[in-house]
Structures are given as C-alpha cells and as structure tokens.
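>>> mind looking at a prediction? Sequence and model below.
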Amino acid sequence: MALVATSALEPSIESASTPKTSFRAAGFFRRATATVLDLFLLIPLLVVSSLGLRAALQLPVPKLGELSPDILLANLFDGSVTNEALLGISALVPFFYFWTSYMIWGQTPGKRLVRIMVVDVYGDRPSVLRALLRTIGYGLSVLPFSLGVLWIGFDREKRGLHDWLAGTYVVLKP
C-alpha cells in the first residue's frame with residue numbers, strides 16, 4: 001500500500017491500494033511546536049553530556065555568568081582537542097536523539113506530544129537507513145537559513161527537504 005498525497009486544498013495522504021488508509025499531513029506549525037518541545041529535552045541532554053565530558057577530562061566547569069556567545073565562538077575557533085570534543089558531542093547528541101527516535105518509534109518525544117509521526121511511503125515507521133537519511137537531511141535543511149525547513153509551509157504535501165531526501169512524510173497520528 002503506497003501513500004499518495006493530495007492537493008493543498010485536501011491535505012491528506014491516501015493509500016493507493018485497498019484497504020484504503022488515509023493519513024493527514026502534519027502542518028508547519030504543529031511540526032514547529034514538536035521541534036520546540038524536542039529542544040526543551042535536547043538542551044538538558046547537551047548540558048549534562050558537556051558537564052560529563054568536562055568532569056571526565058578534569059576540566060573546570062564555567063560558572064553560569066561566564067557563559068556567553070563570545071566563549072562559545074572562542075571555543076569553536078580555539079583548536080584544542082578538548083573544545084573539539086565538546087563541539088563533537090554538541091553535534092552527536094542531537095544526531096543520535098533524532099536518528100534513534102525515528103528508527104525505534106517513528107517519532108521524537110516532541111512529535112509524540114503533538115500527536116504526529118514520521119512514516120515512509122507505505123505508512124510504516126522509517127527503516128534504519130531512511131531514518132539516517134532523514135536525520136542527515138535535517139542537518140542540511142537547517143544549514144542554509146533553514147530554507148529546507150521553511151519549505152514545509154509552502155509544499156503541497158507539507159514535506160521539507162529532509163522528508164524529500166529520505167522519502168518520508170510527517171502525518172497526524174490516527
């Protein structure tokens with residue numbers, strides 16, 4: 001059973017074979033809400049992982065008042081192995097968060113709260129490879145001024161660049 005998207009006037013994805021299964025595409029604002037909810041979970045994960053790495057390497061933990069964009073930029077261009085490891089963790093934690101969520105459940109915790117999920121063209125949760133492509137594609141979608149994400153608001157199937165690259169749809173959970 002393959003999914004076929006309908007026009008923007010009827011934002012649903014219907015199955016081409018019997019039995020007819022219908023999915024409604026999730027819109028831009030619902031998906032944006034899910035992303036904000038995921039960020040509320042990701043930021044503490046990033047802080048804990050960074051503090052854990054600093055403790056493992058016996059580095060001092062900066063005070064809250066010392067944190068600023070200047071320090072982050074200085075760490076980015078410092079070139080020390082420690083700062084590169086911290087930056088690597090800052091990229092790997094969100095990568096594994098999204099990849100494993102899509103692979104295991106077909107949705108992140110934020111998407112679960114707003115009752116949407118990621119499916120492939122057959123209506124199943126994404127495979128390991130498809131979830132990997134979607135996660136990498138999401139990184140590409142946010143790089144050029146988030147144009148790949150903003151595309152969702154104008155696409156008739158409500159798909160972003162990462163959805164097109166991975167062959168996935170974000171639909172309302174039945």
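Right, received. Where do you want to start?
>>> list the helices and strands the top helix by length along the chain packs on?
The residue-count maximum for a helix in the chain (DSSP state H) belongs to helix 28-56. With contacts taken as 3 or more Cβ pairs under 8 Å, 6 or more residues apart in numbering; DSSP states H and E, helix 28-56 sits against helix 81-104, helix 109-113, strand 116-120. Where you see a C-beta, it was placed from the backbone N, CA and C, and this is true even at glycine.
>>> for residue 131, find the nearest of those.
Closest approach to residue 131 among the helices and strands packed on helix 28-56 (Cβ to Cβ): helix 81-104, 3.9 Å.
>>> what angle separates the closest one from helix 28-56?
Relative orientation of helix 81-104 and helix 28-56, computed by axes from the mean of the first three to the mean of the last three Cα atoms, to 10 degrees: 140 degrees.
>>> what sits up against helix 81-104?
Helix 81-104 is contacted from outside by 38, 41-42, 45-46, 49-50, 53-54, 57, 59, 75-76, 107-109, 111, 118, 125-128, 131-132, 134-135, 138-139, using Cβ atoms under 8 Å, 6 or more residues apart in numbering.
>>> list buried residues within those.
Buried members of the contacts of helix 81-104, counted by 16 or more other Cβ atoms under 10 Å: 38, 42, 46, 50, 54, 75, 107-108, 111, 118, 125-126, 131-132, 134-135, 138.
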